[in-house]
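> What follows is a predicted structure for the sequence shown.
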Amino acid sequence: MVLWTTRYIDAAVAQLRAEGHEIRDEDVARLSPLKHRNLNVLGRYSFTASTPAAGSLRPLRDPDAVGLDDEDGADQ
């Protein structure tokens, strides 16, 4: 789960940079997958896995889409 979350954080940073947003390396150095609520200290997870195309990631969520939890990033 930590690796999966890390890969998606990296993909999000890459997408933001590709869109022209200024992302400082010192800010990226402080990112941690351990602050995300999809990780828990018990190591027990329940999810429905989808299979993306070989070697690719699922598309990133649109931050303006309806239905996203406000808790994701509210403390960050």
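Everything's here; your move.
> and Ala54, what element?
Using DSSP states H and E, Ala54 is not contained in any helix or strand.
> ok, so what distance separates it from Arg61?
Look at Ala54 and Arg61: by C-beta to C-beta, to the nearest Å, they are 22 Å apart. For glycine as for every other residue, the C-beta is placed from the backbone atoms N, C-alpha and C.
> More neighbours: which of the two?
Neighbours were counted for Ala54 and for Arg61 using other C-beta atoms under 10 Å; Arg61 has more, 12 against 5.
> Helix, strand, or coil at the more buried one?
Classification of Arg61 by DSSP: H, G, I helix; E, B strand; the rest coil places it in coil.
> what does Thr6 give?
Looking at Thr6 with three-state DSSP, the answer is helix.
> I'd like to check which residues are in contact with it.
Contacts for Thr6 were tallied using C-beta atoms under 8 Å, 6 or more residues apart in numbering; they are Pro33.
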